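Q: here is my input; please provide its structure:
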Amino acid sequence: MMELFKLCPKCGQEKPFTDFYKASHTKDGRGGYCKSCGALVAKKRYRSNEGARNYNLSYAKKHREHLREIAKENARNSPWIRITKTLRTSLKKHTKFKSNQKTKLVKAHFESLFPSTGVSWDNYGIVWQTKRIKPICEFDLSSAEEVVKINELSNLTIRIIPESERVPRKKSTI
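A: Got it, this is the predicted structure:
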């Protein structure tokens, strides 16, 4: 079967149809921008639309309990969500500055990866973030050995956040 291509008007590159979101309202059944350009457009629109952001924050504040119940129900019904949340929480816990052996190893591992571009613990989450070399979805979560490998140091690295994607930290209003 021949792969179909489409031109993204934003980046000017011809990309396969799979690089475009499905859109039933268009002739070809795909969105106008490729996925990466569409994400940038959406971020720009979100940043410039203060009213929508305020509405989303007020909605979340007003319906906090209902949203928590939905999240709990989803976690109860999906082992994938439970496992993923546990693994992410575990990694986050070990990157905090506590003094146990595992934390010291994780901290030393990430510090050994810091390039000389001003990356430090102070700008974690703004300039850089943790990243798994092999994502969680590629592991066999039914195998105990595979689950252990997810947070092994050899599978953890850092990702420098591109300047266009950086969002300064704001104090939460919720």
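Q: strands of this protein, residue ranges please.
A: 5-7, 14-16, 20-22, 30-34, 128-132, 156-160 (DSSP state E).
Q: could I get the ones you listed as TSV with mean pLDDT, mean neighbour count and distance to Y46?
A: For every residue, glycine as well, the C-beta is placed using N, CA and C. Shown next, in TSV, are these (pLDDT from 0 to 100; neighbours: other CB atoms under 10 Å; distance: least, CB to CB, whole Å):
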stretch	mean pLDDT	mean neighbour count	distance to Y46
strand 5-7	91	13	25
strand 14-16	92	13	23
strand 20-22	90	15	17
strand 30-34	91	19	15
strand 128-132	81	16	19
strand 156-160	82	15	21
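Q: same list (those strands) but as a markdown table, adding distance to R68.
A: A markdown table is the format used below for the strands of the chain (distance: least, CB to CB, whole Å):
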| stretch | distance to R68 |
| --- | --- |
| strand 5-7 | 41 |
| strand 14-16 | 39 |
| strand 20-22 | 29 |
| strand 30-34 | 32 |
| strand 128-132 | 25 |
| strand 156-160 | 29 |
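Q: doesn't L153 make contact with V106?
A: Yes - using CB atoms under 8 Å, V106 is in contact with L153, at 7.0 Å.
Q: more neighbours: which of these two?
A: V106 (21 against 12; other CB atoms under 10 Å).
Q: tally of neighbours for the residue nearest to L40 when sequence neighbours are not counted?
A: By the measure of CB to CB, 6 or more residues apart in numbering, the closest residue to L40 outside its immediate chain neighbours is S164, 6.6 Å from it. Residue neighbour count, defined by other CB under 10 Å, stands at 8 for S164.
Q: domain-wise, how is the chain divided?
A: 5-44, 79-165 (automatic domain parsing).
Q: so how far is the last one from its chain's centroid?
A: Its chain's C-alpha centre lies 12 Å from the corresponding centre of domain 79-165 when counted by CA atoms, centre = their mean, to the nearest Å.
Q: for this protein, where's the lowest mean pLDDT among helices and strands?
A: The least trusted helix or strand in the chain, going by mean pLDDT, DSSP states H and E, turns out to be helix 79-95, with a mean of 67.
Q: quick one: low-confidence parts of the chain?
A: Applying pLDDT under 70 to the chain flags the ranges 1, 79-80, 82-84, 87, 90-100, 102-103, 115-118, 168-174.
Q: give me that answer again for 90
A: The chain contains residues with pLDDT under 90 at 1-4, 17-18, 22-29, 41-58, 60, 70-174.
Q: tell me where it has helices.
A: 35-48, 50-62, 64-77, 79-95, 101-113, 144-150 (DSSP state H).
Q: any idea how far E145 is from C137?
A: Separation of C137 from E145 (CB to CB, to the nearest Å): 17 Å.
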